[in-house]
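> what would the 3D arrangement of this be:
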Amino acid sequence: MRNLNENWMNKKIQREVMIRELENAKKDIIGCSDAYKKIFNGAPFYESWTLDSAKEVILEYVSDEALILVPEYRDKIVGFLIAMSGVPSNQKDYVPFNDEEIRFVEDVGVIRECRNNQIASELVRILLTDYLEYSERYLGYRTNAMRYFEQRGGESFEAGAIRVQKEDALSRERGEKIYIPEFSSSEKQSFINSYLELIKYNPGLDVSDSNKLFRSIFGDIDFCQIDGNYSFQLDPTGEGNDRIFPVIDLSKKLIKEKKLWKF
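Reported below is the predicted structural model:
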């Protein structure tokens with residue numbers, strides 16, 4: 001665990017980046033929406049956001065009184081961290097914690113041109129030092145599972161995951177559509193259980209940039225479980241990017257001093 005009281009951004013950019021709360025003003029809303037669009041339209045998401053559709057999402061978070069932290073670089077918003085106190089209502093069935101126990105990160109991202117400067121890590125550090133409530137023992141967030149695939153004859157699940165990740169990377173480079181097999185709910189549950197057990201000992205096969213970010217800060221991460229299975233939420237868009245729910249027990253990771261708690 002890194003020192004929470006020291007800036008985590010790369011030194012070459014520290015003096016030029018200011019992290020602050022988003023203001024409900026036209027310039028801020030447009031700037032954050034533009035960053036949202038760029039982040040999710042690019043790798044590894046390849047989604048199809050417009051400025052208007054991204055703006056709707058940001059305004060909804062503002063109306064829900066979410067905490068939105070933004071890094072500003074050369075007078076331009078280049079990313080965001082969006083967090084809620086408690087679990088969002090549409091995800092309560094999948095995250096078995098009381099609202100007062102958990103701070104939930106809805107989204108975190110930085111535009112491609114500004115990545116690899118630990119700006120996202122710094123957003124998390126500021127969340128922990130300046131905004132975490134004393135009662136909030138857990139840090140949760142949602143991310144997408146690896147896309148479903150069918151194993152070929154005789155190959156292990158791990159070998160299949162390695163193969164599919166390579167195939168998908170080539171398909172994206174070529175602009176080709178990726179085939180996602182139809183799975184029943186029970187098949188999806190079995191797949192997700194296998195995948196999350198796999199990345200416990202082989203985190204290099206984790207496809208989530210968010211998981212990589214939080215691992216770089218906290219080391220290992222856990223995932224929500226219900227009745228012995230890992231919890232997941234079906235993708236509401238129907239694209240097959242079903243959501244899984246990592247959770248970090250901060251009582252095992254941090255000792256609070258000053259604004260940070262002690263257990």
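> alpha carbons only for contacts and neighbour counts from here, please
Noted.
> now whatever helix or strand residue 54 lives in, how far from the centre of its chain.
Following DSSP states H and E, one finds residue 54 within helix 51-63. Distance of helix 51-63 from the chain centroid (CA atoms, centre = their mean, to the nearest Å) equals 18 Å.
> and what of stretch 244-257?
So, by CA atoms, centre = their mean, the centroid of stretch 244-257 is 15 Å from its chain's centroid.
> contacts for it, please.
Applying CA atoms under 8 Å, 6 or more residues apart in numbering, the external contacts of stretch 244-257 come out as 1, 94-95, 137-145, 211, 218, 221-224, 230-233, 261-263.
> what are the ranges of the strands in the stretch 151-263 of the chain?
In the stretch 151-263 of the chain, the strands defined using DSSP state E, counting those that start in this stretch lie at 222-223, 225-226, 229-230, 232-233, 243-244, 246-249.
> mind listing which of the contacts of stretch 244-257 are in helices?
211, 218 (DSSP state H).
> count of neighbours near the nearest residue to residue 98 once chain neighbours are set aside?
Take residue 98 and drop its neighbours on the chain: the residue closest to it by CA to CA, 6 or more residues apart in numbering is residue 86, 7.2 Å away. For residue 86, the neighbour count with other CA atoms under 10 Å is 21.
> same deal with residue 84?
20.
> which residues of the stretch 101-250 of the chain score low on pLDDT?
Applying pLDDT under 70 to the stretch 101-250 of the chain flags no residue at all.
> change it to 80
Counting by pLDDT under 80, the stretch 101-250 of the chain shows low-confidence ranges at 236-240.
> what's the helix or strand hosting residue 84 packed up against?
Assigned by DSSP H and E, residue 84 belongs to strand 79-85. For strand 79-85, the elements it packs on are helix 26-41, strand 67-73, strand 102-110, helix 119-126, judged by 3 or more CA pairs under 8 Å, 6 or more residues apart in numbering; DSSP states H and E.
> how about it as PDB, C-alpha atoms only?
Extracted in PDB, the C-alpha atoms of strand 79-85 (Å, rounded to 0.1, in the frame of the first residue of the first chain):
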ATOM      1  CA  GLY A  79     -10.900  12.300 -16.900                       C
ATOM      2  CA  PHE A  80     -13.200  11.600 -13.900                       C
ATOM      3  CA  LEU A  81     -13.900   9.500 -10.900                       C
ATOM      4  CA  ILE A  82     -17.600   9.100 -10.100                       C
ATOM      5  CA  ALA A  83     -18.500   7.700  -6.700                       C
ATOM      6  CA  MET A  84     -21.600   7.200  -4.600                       C
ATOM      7  CA  SER A  85     -22.200   6.800  -0.900                       C
END
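> ok, residue 224 - contacts?
Residue 224 neighbours (CA under 8 Å, 6+ apart): 94, 95, 96, 230, 231, 244, 245, 246, 247.
> ok, and the most crowded of these?
residue 95 (26 neighbours).
> which non-adjacent residue is nearest that residue?
Residue 95 sits nearest to residue 224 (CA to CA, 6+ apart), 6.1 Å away.
> what kind of secondary structure is residue 150 in?
coil (DSSP: H, G, I helix; E, B strand; the rest coil).
> quick one: it and residue 183 touch, right?
No: between residue 150 and residue 183 there is no contact under CA atoms under 8 Å: 9.4 Å.
> hang on, the residue nearest to residue 98 packs against residue 103?
Yes: using CA under 8 Å, residue 86 is in contact with residue 103, at 5.6 Å.
> residue contacts, the most centrally placed residue in the chain?
For the chain, the residue nearest the mean C-alpha position is residue 210 (3.7 Å; CA atoms, centre = their mean). The contact partners of residue 210, by CA under 8 Å, 6+ apart, come to 108, 143.
> next, the contact list for residue 211, please.
143, 221, 246.
> show me what contacts the second one?
The reference is to residue 221. 211, 214, 215, 246, 247, 248.
> looking at those residues, spot the one nearest residue 19.
residue 214 (18.7 Å; CA to CA).
> tally of neighbours for that closest one?
The burial count for residue 214: 19, using other CA under 10 Å.
> tell me the spacing between it and residue 142.
Distance of residue 214 to residue 142, given as CA to CA, to the nearest Å: 12 Å.
> fine by me, thanks again.
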